[in-house]
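Chemist: Below are the sequence and a predicted model; questions follow.
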2 protein chains.
Amino acid sequence: MSNIRSSGMTKQRRAVLQVICDSDEHMTANEVFENSRRILPGISFATVYNSLHYLKNEGMIGEVSFGSDAARYDRNLTRHDHAICSKCGKLVDLDLSIPSTLIKQAAEHSRFKPESIEFTLRGLCPECTRSEDQK
Amino acid sequence: MSNIRSSGMTKQRRAVLQVICDSDEHMTANEVFENSRRILPGISFATVYNSLHYLKNEGMIGEVSFGSDAARYDRNLTRHDHAICSKCGKLVDLDLSIPSTLIKQAAEHSRFKPESIEFTLRGLCPECTRSEDQK
DNA sequence: GCTAGAATTGGAATTATTCTAATTGCAATT
DNA sequence: AATTGCAATTAGAATAATTCCAATTCTAGC
């Protein structure tokens, strides 16, 4: 039962979910913790992690990560892609239409049973491109 | 100068590079450290990280990461894609031909200056698919 | 209401990564 | 060829990220 009223939905988990749903950002676990404390002052870091894992498993939030930085969590559940700046680390969402032939190709090559697919562009964000040009 | 003989190529960095080039795996920093110690017993963990970052910047090794696990490093420098098992975490390389229209689309949407692109398939690996079926 | 078992929490421990003071090595100068 | 000053590199120590597991809280059956 992945409903907001389902039994597993404790007040801690609801607080974590609310924090993520109220933000446009891709937050780190630490940022989620800081914000969750405002709603539920006694919540522990471990519980935030438990909640993030739970909510991810229930399909209520998404997790992304790049390089060796901390993982990030967001409310965007629809399939989407990412662009990440190789200089400042800025992460933005993209909506691309991935050809079904590409998915088929990937599934065949890997012999995996596909669940989801994702495309990542690495490059310079507009701000960093500008500052590179000035050099 | 990203040459194996360039001045920045210290014995520590050479050891780290050798470890990665001698392995088929996508190793964590910890695994690289363990193996580097065999070549250069006194090397520190921090130096392994420094070396990994240096080698990555020089384009001599690749870094990938998924979810909140540790980042992984590999020798495969050619552009390639990944499939990751959502159950056991197994990571395999894929070679897909990404249509140039997709790259253009991504660059336009994000307004980023593209450097590299990557496609990720999440799903069940053949082994996990089999064990799921048996349930 | 009581009890056993399952689910959840959070303090403590572990693991991953970065910071920065100390060291090393190079190149210009004597 | 030794000396100096500077920049690059190293690695111990600190910090940050994540997980473990004992204690606690729920829940269902009696």
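Modeler: That came in fine, so what should we check first? Because the structure is predicted, anything quoted here is derived from the model rather than measured.
Chemist: Could you list the buried residues of the longest helix anywhere in chain A?
Modeler: Among the elements of chain A assigned as helix by DSSP state H, the one spanning the most residues is helix A:45-57. Applying a neighbour-count criterion of 16 or more other C-beta atoms under 10 Å in any protein chain shown, the buried positions in helix A:45-57 are A:47-48, A:51-52, A:54-56. Bear in mind the C-beta positions are built from the backbone N, C-alpha and C, glycine included.
Chemist: got it, and stretch A:33-48?
Modeler: Of the residues in stretch A:33-48, those buried under the neighbour-count criterion (16+ other C-beta under 10 Å) are A:33, A:35-37, A:40, A:43, A:47-48.
Chemist: when you check those against the strands, which ones overlap?
Modeler: Members of these lying in strands (criterion: DSSP state E): none.
Chemist: any chance of these in CSV, plus distance to chain B and pLDDT?
Modeler: Output for the buried residues of stretch A:33-48, formatted as CSV (distance: C-beta to the nearest C-beta, whole Å; pLDDT from 0 to 100):
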residue, distance to chain B, pLDDT
A:33, 14, 97
A:35, 18, 97
A:36, 17, 97
A:37, 20, 96
A:40, 22, 96
A:43, 19, 96
A:47, 16, 97
A:48, 12, 98
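Chemist: Please convert those to a markdown table, extending it with distance to residue A:15.
Modeler: Formatted as a markdown table, the entries for the buried residues of stretch A:33-48 read as follows, by distance: C-beta to C-beta, whole Å:
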| residue | distance to residue A:15 |
| --- | --- |
| A:33 | 10 |
| A:35 | 9 |
| A:36 | 5 |
| A:37 | 9 |
| A:40 | 4 |
| A:43 | 7 |
| A:47 | 9 |
| A:48 | 9 |
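Chemist: For those, name the two members farthest from one another.
Modeler: Across the buried residues of stretch A:33-48, the two members that end up farthest from each other (C-beta to C-beta) are A:35 and A:47, 13.7 Å apart.
Chemist: ok, which stretches of chain A are helices?
Modeler: Defined through DSSP H, the helices belonging to chain A, from first to last, are A:11-21, A:29-39, A:45-57, A:100-110, A:126-133.
Chemist: what's the least confident stretch among the ones you listed?
Modeler: For the helices of chain A, the weakest mean pLDDT is recorded on helix A:126-133, namely a mean of 84.
Chemist: residues in contact with stretch A:57-67?
Modeler: Residues from elsewhere that reach stretch A:57-67, judged by C-beta atoms under 8 Å, 6 or more residues apart in numbering or on different chains: A:2, A:8, A:17, A:20, A:26, A:52, A:55-56, A:71-77, A:82, A:84, A:89, A:91, A:120, B:63, B:65-68, B:71.
Chemist: now do stretch A:12-21
Modeler: With C-beta under 8 Å, 6+ apart as the criterion, stretch A:12-21 contacts A:4, A:27, A:32, A:35-36, A:39-40, A:43, A:47-48, A:51-52, A:54-55, A:60-61, A:73-75.
Chemist: Repeat the analysis, applying 6 Å as the threshold.
Modeler: With contacts defined as C-beta atoms under 6 Å, 6 or more residues apart in numbering or on different chains, stretch A:12-21 is touched by A:32, A:35-36, A:39-40, A:43, A:47-48, A:51, A:55, A:61, A:73, A:75.
Chemist: What is the longest strand of chain A by residue count?
Modeler: strand A:113-124.
Chemist: Format the helices of chain A as JSON lines; extra columns: distance to DNA strand C.
Modeler: Formatted as JSON lines, the entries for the helices of chain A read as follows, by distance: least, C-beta to the nearest atom of the strand, whole Å:
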{"stretch": "helix A:11-21", "distance to DNA strand C": "3"}
{"stretch": "helix A:29-39", "distance to DNA strand C": "9"}
{"stretch": "helix A:45-57", "distance to DNA strand C": "3"}
{"stretch": "helix A:100-110", "distance to DNA strand C": "24"}
{"stretch": "helix A:126-133", "distance to DNA strand C": "18"}
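Chemist: residues near residue A:114, how many?
Modeler: For residue A:114, the number of neighbouring residues by other C-beta atoms under 10 Å in any protein chain shown comes to 15.
Chemist: All good on my end, thank you.
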